[in-house]
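**Student:** next one to model:
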Amino acid sequence: MYLRCKEIVLSIQIFTDGSAKGNPGPGGYGIVMRYKGKEKEISQGFRMTTNNRMELLALIVALEQLKTDNIPVEIYSDSKYVIDSITKGWVFGWKTKGFKGKKNADLWLRYLNLHNRFKMHFHWVRGHNGHPENERCDVLAVTAAERGPHLIDEVFEKNQAEEKLL
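**Tutor:** Numbers count the residues shown, from 1 in each chain. Next up, the predicted model:
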């Protein structure tokens, strides 16, 4: 009988969530990152934004925090918008078409600049369903949205102002 030793592959775990009160309204994102037993939490509030922007920005900010691209990354999110857009390849088609008629092009382009750097695997988790890390990210996102300090989501606010002029 032969025993095979499986190679243990360590991965970075990223959990994200976004929130917007009013959608659009004050918003925020929450991130929990784990690697080798260490954990880091990140959150930020914005004075006016949308839930989808915060869901996507959480992923982008988390990836931008990584100091290496040699370790697999496991991403957990309750956002079908983010997960499906990437795993079903929609965002790549949107890019080819110049994001015509699509929202959040600025953030999708920022994400796409990171996409090929990492070996990522995406996991959708049901939100508000007792998943401990998702619940923690939700608390971080909601708290950031409610309490701030609030940054300005400049692209979103500019687009909102332009839409009001039309």
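
**Student:** just want the most central residue of the protein.
**Tutor:** In the chain, the residue lying closest to the centroid (CA atoms, centre = their mean) is Leu59, at 2.4 Å.

**Student:** I'd assumed Ile75 was in contact with it.
**Tutor:** Yes: Leu59 is within contact range of Ile75, at 6.6 Å (criterion: CB atoms under 8 Å). C-betas here are computed from N, CA, C, even on glycine.

**Student:** host element of the residue nearest to the centre of the chain?
**Tutor:** helix 51-65 (DSSP states H and E).

**Student:** Ile75 now?
**Tutor:** strand 73-77.

**Student:** which residues do Leu59 and Ile75 both contact?
**Tutor:** Between them, Leu59 and Ile75 share these contacting residues under CB atoms under 8 Å, 6 or more residues apart in numbering: 14, 16.

**Student:** run the angle between the helix or strand following the strand holding Ile75 and helix 51-65 for me.
**Tutor:** For strand 73-77, the following helix or strand on the C-terminal side (DSSP H and E) is helix 80-87. If you take axes from the mean of the first three to the mean of the last three CA atoms, to 10 degrees, helix 80-87 sits at 50 degrees to helix 51-65.

**Student:** ok, and what's touching helix 80-87?
**Tutor:** Against helix 80-87 from outside (CB under 8 Å, 6+ apart): 16, 52, 55-56, 59, 77, 90-91, 94, 108, 111, 115, 122-124.

**Student:** good, wrapping up.
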